[in-house]
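**Q** Okay, predicted coordinates and the sequence, questions at the end:
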Amino acid sequence: MAEHKVQNKYHARDLDPSKLPKGRKPKNQQKKVCMMLPMSICCNTCGNYISEGTKFNSRKEDAAGENYFGEQILRFYFKCTKCSVELVMKTDLQNSDYVVEAGARRNFEP
């Protein structure tokens with residue numbers, strides 16, 4: 001049989017919401033995201049070629065102090081599939097593209 005989903009939760013009568021801890025996080029904290037590589041790259045350490053469309057678990061953060069017409073530029077950290085060295089990539093909103101910052105180089109420059 002299928003499980004029944006709970007539509008509401010029980011709250012005690014003496015619950016005071018003002019005493020609950022706030023769930024806010026710092027703005028510059030990194031978030032874990034799953035992404036696909038938008039271009040093929042080559043690792044500088046081991047020479048491994050990583051093709052376009054490879055899925056990665058990566059960390060995403062706002063690039064501090066960098067924006068383009070008010071839009072925040074994002075930076076992604078992920079690891080090489082062969083040697084596990086950290087690779088860094090950030091968004092390039094002006095050209096609607098991505099720029100590899102560290103650990104790798106792009107195979108084909110547009």
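**A** Great, that's in hand.

**Q** mind listing what residue 32 touches?
**A** Counting by C-beta atoms under 8 Å, 6 or more residues apart in numbering, residue 32 makes contact with 57-60. Yep, even glycine has a C-beta here, placed from its N, CA and C like the rest.

**Q** From those residues, keep the buried residues only.
**A** 58-59 (16 or more other C-beta atoms under 10 Å).

**Q** Tell me which of the contacts of residue 32 fall in strands.
**A** 57-60 (DSSP state E).

**Q** low-confidence ranges in the chain?
**A** Scanning the chain for pLDDT under 70 picks out 1-3, 25-28, 110.

**Q** try it again with 90
**A** For the chain, applying pLDDT under 90 flags the ranges 1-13, 15, 17-31, 62-67, 70, 108-110.

**Q** Find the residue at the geometric middle of it.
**A** Central residue of the chain (C-alpha atoms, centre = their mean): residue 60, 2.7 Å from the mean position.

**Q** Pull up the gap between the residue lying closest to residue 54 once chain neighbours are set aside and residue 8, please.
**A** Ranked by C-beta to C-beta, 6 or more residues apart in numbering and with sequence neighbours excluded, the top spatial neighbour of residue 54 is residue 37, at 4.7 Å. Distance of residue 37 to residue 8, given as C-beta to C-beta, to the nearest Å: 42 Å.
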